[in-house]
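Novice: Here is the input, now give the coordinates:
(chains A and B)
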Amino acid sequence: MKNKELARIFDEWADILEFKGDNPYHIRAYRNAARIINDLSEDIEVLAKEGKLSSLPGIGKRLQAKILEFLKTGKIEEFEKLKTEVPDTIFTLLDIPGVGPKTVKLLYEQLGIRSLEDLKRAIEQGKLYQLPGFRQKKVEKIRKGIELLEKSHGRILLGVAVFIVDRIIEQLKSQAFVEHISVAGSTRRMKETVGDIDILATGKNLEIIEAFVSLPNVKELLWKGTKKATIIVEEGEQVDLRVTEPDCYGAALQYFTGSRAHNIHLRTICVKNGLKLNEYGLFKGEQRIAGKTEEEIYAALGMDTPPPEIREDTGEIEAAFEHKLPDLVELSEIKGDLHIHSNWSDGASKIEDLIDEALKRGYEYIAITDHSKSLKIASGLSEEDLMRRNYEIDKWNEKLNGKLVLLKGTEVDILPDGRLDYDDEVLKTLDFVVASVHSRFNEDNTNRILKAIENPYVNVIGHPTGRVIGAREAYPLDLEKIFKAAAETGTAMEINCYYNRLDLKDSNCRLAKRFGVRFSLGTDSHHRDHMWMIKLGVGTARRGWVEKREVINTLTLSKLKDFVMAKRKKFGVV
DNA sequence: GCCGTTTTCGGCCCGACTGTTTTCAGTCG
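Specialist: Residues are numbered from 1 along each chain as shown, chains lettered A, B, ... in the order given. Got it, this is the predicted structure:
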């Protein structure tokens, strides 16, 4: 798939044009194209072959020609030429917070600065003061920006952000001076990584801000004003709190939730209707016609309210106008966790503790899916140990008497040749089978997975692409082939909820949906304290427009068993 | 460069903050 590569080219193209001081609308067109292509769930090469490029919003004749040129030749002549006109290190300098294209251009032209090292040296030597408009504060800001860039480990994983935000909101929401409080930004949209953590509140400004900066987990106070404060929490992440007036709380929440692309599209619609939308409300002339809640604003525009997770301008605005928004799966509809490890393999919690946690969560069932024998590193279970573990599960189920049901499961290894790590004779004794790839991460694993899908006892393919966010790329896969086979055989695709996996990811969920695939949510917990991550998986599913009926965890226990048996029947093994 | 039940040309989202400006430019979200 060449989507990412193309998106990067158009983004760099926009950087270069900005550096050159080109028409801003021209630049926006490239940025927009980069975003559209990056968010695409389909392979752009396939779209091109089918002649569907023109169906992409924001991709006109000229960009289409460039895309086709790239797909055909592997490069775009005009871009190659453009790149020779600017120093290639400008991209690094643009990453410094507070430094934009105008500054980079000035630094390059006046002082010949081409790299971070050049810039650091120039600051030390006081050379920046030679530049027009550069005095102490501006130079200091750049110096701090470099420091920030060098120590920032990039974006924050969603799971980390959610963990921090949940704790802060829990600590503040019960206070009398807090009227409303909510997470905003990409954390509210449940994006797999987030830039910074935003919280929005309304109530008594000064008291809220004071309470926020005095929370027990605050490591450092960066800024405190009457409407805004910024702290660093003990995890080392920055958290912003804004306090707003109650009358514009909805407008502020809408505004700060984004996405940027969603908001731009929405405001374009407002302008066409003679309205103006900003963080204070929806205005007709001087008069505010909505702003207290998000619903009020969207309703005033004649729309349903798109759930935050899908506000990415990928069709949700059109769907909201047509009253055809998807009925997204909700956390409260999840009846159980379908991927959990106990201390029989490499989990840290005893089955007893997992039961306790599951009961707290109000689950109807959980699947205990310990590793299989070949995964020695994870204490995979021999057939004998598996039987002994199953015996323990039976005992617990008797004791629980239906209050909660433990499914006898496994996360069976898909071996390099596609065979499974247990024989069918063993698998048939289990209630629920997740099959996963745990080796050869650099090879194309399509055939391995297809073979596992063809096994009548495999109910779910675990973490299907093998990616680990920020650490390991997905292995090469023909996802369309896999999704097709999964849908045909009645095999679910996992949305692994563990915070550094989220696999399938949002765009792949949306692709899988088109093939009629069903999804299984599993936290891959190795400790009872991991089971909260189910909400990360629900968020990912929602971002992929996944509906309740498409998620097997929303089934009652008996329907879930039907799901398992349906595949066995289809293959004639029962 | 894109786009059009007002337009194939002339528009293209909106505001805050910062530093330096004494009316604004650059950057950011």
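Novice: and stretch A:179-197, how far apart are its ends?
Specialist: Criterion Cα to Cα, to the nearest Å; first-to-last residue distance in stretch A:179-197 is 20 Å.
Novice: and A:Met68, which of the three is it?
Specialist: Just to correct that, residue A:68 is Leu rather than Met. helix (DSSP: H, G, I helix; E, B strand; the rest coil).
Novice: what about it, how many residues close to it?
Specialist: Look at A:Leu68: counted by other Cβ atoms under 10 Å, it has 13 neighbours. Just so you know, the C-beta spots here come from the backbone N, C-alpha and C atoms, and that holds for glycine as well.
Novice: For the spatially closest residue to it that is not a sequence neighbour, give me phi and psi.
Specialist: Leaving aside its chain neighbours, A:Leu68 sits nearest to A:Ala48 (6.2 Å; criterion: Cβ to Cβ, 6 or more residues apart in numbering). Backbone dihedrals for A:Ala48, given as degrees, to the nearest 10, come out at phi -60, psi -40.
Novice: Let me see the contact set for A:Ala48.
Specialist: With contacts defined as Cβ atoms under 8 Å, 6 or more residues apart in numbering, A:Ala48 is in contact with A:Ile67, A:Leu68, A:Leu71.
Novice: Mind listing what's buried along stretch A:286-298?
Specialist: For stretch A:286-298, burial by neighbour count (16 or more other Cβ atoms under 10 Å) applies to A:Arg288, A:Ala290, A:Gly291, A:Lys292, A:Thr293, A:Glu294, A:Glu296, A:Ile297, A:Tyr298.
Novice: I meant stretch A:310-320, not that one.
Specialist: Buried residues in stretch A:310-320, defined by neighbour count with 16+ other Cβ under 10 Å: A:Ile310, A:Arg311, A:Glu312, A:Asp313, A:Thr314, A:Gly315, A:Glu316, A:Ile317, A:Ala319, A:Ala320.
Novice: Point to the residue nearest the middle of chain A.
Specialist: The structure's chain A has its C-alpha centroid closest to A:Glu192; by Cα atoms, centre = their mean the separation is 2.3 Å.
Novice: Which strand or helix spans A:Gly302?
Specialist: Per DSSP states H and E, A:Gly302 falls between elements, in no helix or strand.
Novice: What is the neighbour count of the residue nearest to A:Gly159 when sequence neighbours are not counted?
Specialist: Leaving aside its sequence neighbours, A:Gly159 sits nearest to A:Tyr499 (Cβ to Cβ, 6+ apart; 2.5 Å). A:Tyr499: 22 surrounding residues under other Cβ under 10 Å.
Novice: next one: A:Ala471
Specialist: Neighbourhood size, A:Ala471 [other Cβ under 10 Å]: 7.
Novice: Correct me if wrong: it contacts A:Leu157.
Specialist: No - with contact defined as Cβ atoms under 8 Å, A:Ala471 does not reach A:Leu157; the gap is 10.4 Å.
Novice: Next, show the common contact partners of these two.
Specialist: Residues touching both A:Ala471 and A:Leu157 by Cβ under 8 Å, 6+ apart: A:Asn500.
Novice: How much space separates the residue nearest to the centre of chain A from A:Leu555?
Specialist: A:Glu192 is 26 Å from A:Leu555, where distance means Cβ to Cβ, to the nearest Å.
Novice: Would you mind confirming that A:Leu450 makes contact with A:Phe483?
Specialist: No - the pair A:Leu450 / A:Phe483 is not scored as a contact, 10.9 Å apart, by Cβ under 8 Å.
Novice: what about those two, which has more around it?
Specialist: A:Phe483 (22 against 19).
Novice: Return the residues in contact with the nearest residue to the more buried one once chain neighbours are set aside.
Specialist: With Cβ to Cβ, 6+ apart as the criterion, A:Phe483 has its nearest non-adjacent residue at 4.0 Å, and that residue is A:Phe515. Neighbouring residues of A:Phe515 by Cβ under 8 Å, 6+ apart: A:Glu480, A:Phe483, A:Lys484, A:Ala486, A:Ala487.
Novice: Mark which of those residues are buried, thanks.
Specialist: Applying 16+ other Cβ under 10 Å to the contacts of A:Phe515 flags A:Glu480, A:Phe483, A:Lys484, A:Ala486, A:Ala487 as buried.
Novice: Which single one of the residues you listed is nearest to A:Arg568?
Specialist: Closest approach between these and A:Arg568, by Cβ to Cβ: A:Ala486, at 15.8 Å.
Novice: Next, that closest one: phi, psi?
Specialist: According to degrees, to the nearest 10, A:Ala486 has phi -60, psi -40.
Novice: list the contacts for it?
Specialist: Contacts of A:Ala486 (Cβ under 8 Å, 6+ apart): A:Ile453, A:Ile461, A:Ala492, A:Met493, A:Ala512, A:Phe515, A:Val517.
Novice: do that again at 6 Å, thanks
Specialist: A:Ile453, A:Met493, A:Val517 (Cβ atoms under 6 Å, 6 or more residues apart in numbering).
Novice: repeat for A:Gly291
Specialist: So A:Gly291 contacts A:Asp247, A:Cys248, A:Gly250, A:Ala251, A:Gly281 (Cβ under 6 Å, 6+ apart).
Novice: Return the distance of stretch A:271-289 from the chain's centre.
Specialist: Relative to the centre of its chain, stretch A:271-289 is centred 31 Å away, using Cα atoms, centre = their mean, to the nearest Å.
Novice: Report the rounded mean pLDDT for that stretch.
Specialist: The average pLDDT for stretch A:271-289 rounds to 89.
Novice: Could you do stretch A:205-213 as well?
Specialist: The pLDDT scores in stretch A:205-213 average 90.
Novice: same question, stretch A:1-11
Specialist: Averaged across stretch A:1-11, pLDDT comes to 87.
Novice: what's the burial count for A:Lys569?
Specialist: So A:Lys569, with other Cβ under 10 Å, has 13 neighbours.
Novice: Okay, and it sits in which element?
Specialist: helix A:557-570.
Novice: Any chance you could list what contacts that helix?
Specialist: A:Glu364, A:Tyr365, A:Val405, A:Pro456, A:Asn459, A:Gly490, A:Ile552, A:Val574.
Novice: residue contacts, the fifth one?
Specialist: A:Asn459 makes contact with A:Phe432, A:Val433, A:Val564, according to Cβ under 6 Å, 6+ apart.
Novice: try the third one
Specialist: For A:Val405, the residues meeting the contact criterion (Cβ under 6 Å, 6+ apart) are A:Tyr365, A:Leu557.
Novice: near DNA strand B, which of the buried residues of stretch A:310-320 show up?
Specialist: Checked against DNA strand B using Cβ under 7 Å from any atom of the strand, these yield no neighbours at all.
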